[in-house]
Structures are given as C-alpha cells and as structure tokens.
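*Asks:* Sequence and predicted structure below; questions after.
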Amino acid sequence: MNRRTILKATIAAGMVPFGQTRGGRQEDAEGSPMIYLDNAATSFPKPEAVYRAIETTLRSGLANPWQGPYRFSAQAQKLMEGARKRLDEVFGGEGPERWIHTFNGTDSLSMAIEGVLKQRDHVVTTDLEHNSVTRPINALERAGVITQTVVTSNGNVVDPDAIRKALKKKTALVAITQASNLTGLIQPIDEVAAIVREAGALLLVDAAQSAGQVAINLSETPIDLLALSGHKMLFGPTGTGALYVGPRADVRPWRKGETGGEGSEETPLQPEDLPYRLEGGTPNILGIAGLDAGVAWVAKRGPDRIRRQLVKLLRPVVDWAEEAGWRVVGRWAEDDCVGVLSLVPKGRGVKAVTQALDRRHRIATRPGMHEAVPANQRLGTAPEGTVRISPGPFTTAEEIGSLVEALKSIAGDRA
Ligand SMILES: Cc1ncc(COP(=O)(O)O)c(C=O)c1O
C-alpha cells in the first residue's frame, strides 16, 4: 500500500491524521501537499524528537503521576519534574518548583492575572496585548475589582517611559507582551522590568510569541510572572504551556483538586507549596513529554538563531509587498521582529486572499485581527485585520518562493 492509500484508509476508518511530514514537506489530511505558514498560532511540523518523545511516552509510560506506587506512575512524575528542571535551566529561574505546567498560554496568563489581583488593585497594560491578557483584565475592571491604565504604543513599540508614567502607588501588576502577534515587533522588556521592579509592582510578561525566538534570562531580567505557550516556538503539542512564578508573586490557585504534594487531610484544601498549589487534575503527561523535547531542541539550536532564520525567510515577502503596494503592518525590521509578518492587500480583502492562498495554492496563512483588537485599531487595520504569515524553522526558501508567486498571481487578479 502506498502512502496515499494508507492515509485514505485511515480517514475511512474515522481517524483523521491532522498532518503528515516528510522532510520539511507537509501534507494535509487528504495527503495533498501544503505549505504551513501559521506557526504563530501553533507550530507545525515539530522537531522529530518531539514526535518520538510523545510516541515513547504514549506506548511505554502513560500513567497518572499522582497515583503511585507503581513504576509507571513514578516515571510520569519524573517526566513532569524533569520538564520543570529543564525550563528552569533554560530560562534561568529560581527553582524547578516555580514552573507550573499549564494547558496553553491563555491558561498561564489567566492563572497569573486572576491569581494575583485583589480588590482595588491598579493594573498597567498596553494596547498591544492579546485577548488572553486584555479579556481577564477587562472583566476584572468591569466587575469593579480593579482599575487599569492602557499605555499606547501606537501599535508598534511601547516606550518604557510611558509605563513609568502610568504607574501609581496602588499599581499591583504590569502586564505586557514581549512580542506582538500582529506585527512581530519585540518590546523593550529589560527596560520595562527595571522600571517595574523599582516601583515595587509585579511584572507579568506574555512570552507566547517570543519564547523560543528571544533569549529570556530570569536571573538577569526581573520578571515575576512569565507566561509561556508550549505549542508555538517551544514546539510542544497543543495543550501545553507553563507559568513561571517568581518569589515575589503570591498566586492564588486557579484550579483546585487532585494534585501532587501534601494537602490537609482533615479539611481537604489545595497544598500551599509550589508547584502543586497551582496544579490540579491529571496532567497532560503526553504533552509535557513533547514540550520537554521541544524546549531541549530550542536550547540546543538557540532562540536567536531560530528568530534570524524566520525573519530572513520573511524578507522576500516584505520586499515583494512593498513593491506591489501591499501594506506591511507596523515598523517591521529583521532585527526588531520575531518571525511574524502582517500584510494588508491592495484592492483585495484579507479573507479573500487567505482563502485563495489556501484553495488555489494550498498555503495556510491566517486572516483577521489575531485576537489583538486595540493594536489593529491603532494601526488602522480594524476590523478586517491582516493576512498574517508566520513560517517555522522547517519552512524552506522554496516554500516562501511559492508564497510570493501565489501572492503575485492573486494580486494580478485585479491588476
Ligand atoms: C501574544 C499572545 N499571547 C497569548 C496567546 C495565547 O496562547 P495560547 O494560544 O497558547 O493560548 C497567543 C496566541 O496566539 C499570543 O499570540
């Protein structure tokens, strides 16, 4: 049986393989070649080591880590703790127990925001934030729990001085993204961190788009809460994420229930100690196995090398867009961005372009505001948003060449 027949049989049996990889080439569920350029949403394909780690765990050790005393359970717990240790080493944290396994970036951010804010606290945030920062903060404001100041970046880069000016005596938290998921622009986190630490507030950094592309060293940059998405440029599968909780942050449990560590037996309560204070329920052991392999892969390659590779891939698209009169959104520059590029097509709708790319050219890109409404408003791209292009480290220059040819042909439809 050839590969296509196997795939067809798999689909007929009701099992839909999401995507297959052969070298750098990807195929969709029907076995058609596909160029995947939506890595800012979730990375695909993953490094081979990630697939291997997940398969090995699934076949040989998928147990609940809290149920012991049998070997498989201890193995699962070891895997979880090993992943915390690696995160701590790679990001320079103050101890593996400070790394909470979460289910995605949104989960990490909600855990931090809902866990530290109290009645009458003031929060400083920016107009660059993703909905997973904006929505929980807006909800707390609407409920009358907190007040907030939204610092404007005009959609590009936040001025650290504007953060300084927004700080008040009762500012408990500053929440800021490290890289915009709309423009790719990297924010001056080191400067912001120094200002926030001096003022005595907590700093929450949303590293969903930056982790894996921008080096983060917690022992040098005073970040109290670092929210990671595991399935983007850390290459874990979907359903993975992590939150780093620094010693100054006291985070109330976001979910409560079955966990490791010692809880009170008389009145069952969540354990006080990290990490178990903030974890609950059977963990995503499979996902954590994949995430750990992904983080090891990133650490070996180096985040800056990955970022440079991605922005270099995007360069010909930027050059073509500028020549064709399509708008490159934000002050995009190779040295200043992660591997994300947003375009506004000339004379064509954003959705029409992404649909044509998908249907006619089998190229996956993302239309819309990318959950970053205020940034789109500032940049004048609301409500239609942009065509977002985000390659991964397995994207080839030939694939980008095919994208440029496809864009030329789509642009030519109206020429
Ligand atoms: C800047 C930013 N923050 C947070 C998130 C949420 O991450 P997740 O999709 O893992 O929940 C995303 C996702 O795209 C993002 O781009």
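*Replies:* Noted; the coordinates are in hand.

*Asks:* just the residues of the protein that are near the ligand, which are they?
*Replies:* By the rule C-beta under 6 Å from any ligand atom, the part of the chain lying against the ligand is 41, 104-106, 130, 132, 177, 181, 206, 208-209, 229, 241. From N, CA and C alone the C-beta is placed, and that goes for glycine too.

*Asks:* and with 5 Å instead?
*Replies:* Asn104, Gly105, Thr106, His130, Ser132, Thr177, Asn181, Asp206, Ala208, Gln209, Ser229 (C-beta under 5 Å from any ligand atom).

*Asks:* What sits closest to the last one if chain neighbours are left out?
*Replies:* What it means is Ser229. Of all residues beyond its chain neighbours, the one nearest Ser229 is Gly105 (3.1 Å), with distances taken as C-beta to C-beta, 6 or more residues apart in numbering.

*Asks:* The one you found and Ala41, how far apart?
*Replies:* Taking C-beta to C-beta, to the nearest Å as the criterion, Gly105 is separated from Ala41 by 11 Å.

*Asks:* Same drill for the two, tell me which one is more crowded.
*Replies:* Neighbours were counted for Gly105 and for Ala41 using other C-beta atoms under 10 Å; Gly105 has more, 27 against 18.

*Asks:* Val214 reaches Arg307, doesn't it?
*Replies:* Yes. Contact criterion C-beta atoms under 8 Å: Val214 and Arg307 qualify, at 6.6 Å.

*Asks:* got any residues that touch both of those two?
*Replies:* Residues within reach of Val214 and of Arg307 at once, by C-beta atoms under 8 Å, 6 or more residues apart in numbering, are Val338.

*Asks:* which of the two has more neighbours?
*Replies:* When neighbours are counted by other C-beta under 10 Å, Arg307 comes out ahead of the other of Val214 and Arg307, with 25 against 19.

*Asks:* For the more buried one, which three-state class applies?
*Replies:* The three-state label for Arg307, taken from DSSP: H, G, I helix; E, B strand; the rest coil, comes out as helix.

*Asks:* What is the burial count for the nearest residue to it once chain neighbours are set aside?
*Replies:* Nearest in space to Arg307, with sequence neighbours left out and distances taken as C-beta to C-beta, 6+ apart, is Gln213 at 3.8 Å. Taking other C-beta under 10 Å as the criterion, the count of residues near Gln213 is 29.

*Asks:* just Gly385 next, same as before
*Replies:* Using other C-beta under 10 Å: Gly385 sits among 23 other residues.

*Asks:* And Gln309, how close does it get to Ile186?
*Replies:* Separation of Gln309 from Ile186 (C-beta to C-beta): 16 Å.

*Asks:* For the two, indicate the residue with more neighbours.
*Replies:* More neighbours surround Ile186 than the other of Gln309 and Ile186, with 21 against 16 (other C-beta under 10 Å).

*Asks:* The more buried one reaches Val192, doesn't it?
*Replies:* No. With the criterion set as C-beta under 8 Å, Ile186 and Val192 do not qualify as a contacting pair; they are 11.9 Å apart.

*Asks:* Show residues contacting stretch 299-317.
*Replies:* Under the criterion C-beta under 8 Å, 6+ apart, external residues in contact with stretch 299-317 comprise 86, 89-90, 184, 211-215, 233, 298, 334, 337-339, 341, 343, 389-393, 395, 397, 400-401, 403-404, 407.

*Asks:* pLDDT at Ser32, what is it?
*Replies:* Model confidence at Ser32, expressed as pLDDT, equals 66.

*Asks:* quick one: the helices in the stretch 151-300 of the chain?
*Replies:* All helices of the stretch 151-300 of the chain, identified by DSSP state H, counting those that start in this stretch, fall at 160-166, 189-199, 285-301.

*Asks:* just the strands in the stretch 51-200 of the chain please.
*Replies:* Listed in chain order, the strands of the stretch 51-200 of the chain (DSSP state E, counting those that start in this stretch) span residues 99-102, 121-126, 146-151, 171-177.

*Asks:* Just want the phi and psi numbers for the residue lying closest to Val344 once chain neighbours are set aside.
*Replies:* Taking C-beta to C-beta, 6+ apart as the measure, Val344 lies nearest to Arg327, with 3.9 Å between them; neighbours along the chain are not counted. Torsion angles at Arg327 (phi, psi; degrees, to the nearest 10) stand at phi -80, psi 130.

*Asks:* burial count for Arg327?
*Replies:* The burial count assigned to Arg327 is 16, neighbours taken as other C-beta under 10 Å.

*Asks:* Contact partners for it?
*Replies:* Counting by C-beta under 8 Å, 6+ apart, Arg327 touches Ala321, Leu343, Val344, Lys346.

*Asks:* what does Pro65 give?
*Replies:* Ser73, Ala74, Ala76, Gln77, Leu79, Met80, Gly260, Pro283, Ile285.

*Asks:* and what of Val245?
*Replies:* Arg98, Ile100, Ala112, Asp224, Leu225, Val251, Leu274, Leu278.

*Asks:* Now for the residue nearest to Ser229: which residues touch it?
*Replies:* Listed by C-beta under 8 Å, 6+ apart, the contact set of Gly105 reads His130, Ser132, Asp206, Ala208, Ala227, Leu228, Ser229, Lys232, Gly241.

*Asks:* Swap in 6 Å and give it another go.
*Replies:* Ala208, Ala227, Ser229, Gly241 (C-beta atoms under 6 Å, 6 or more residues apart in numbering).

*Asks:* Tell me if I'm right that the last one and Thr102 touch.
*Replies:* Yes. In this structure, Gly241 sits in contact with Thr102. The criterion is C-beta atoms under 6 Å, and the distance is 4.0 Å.
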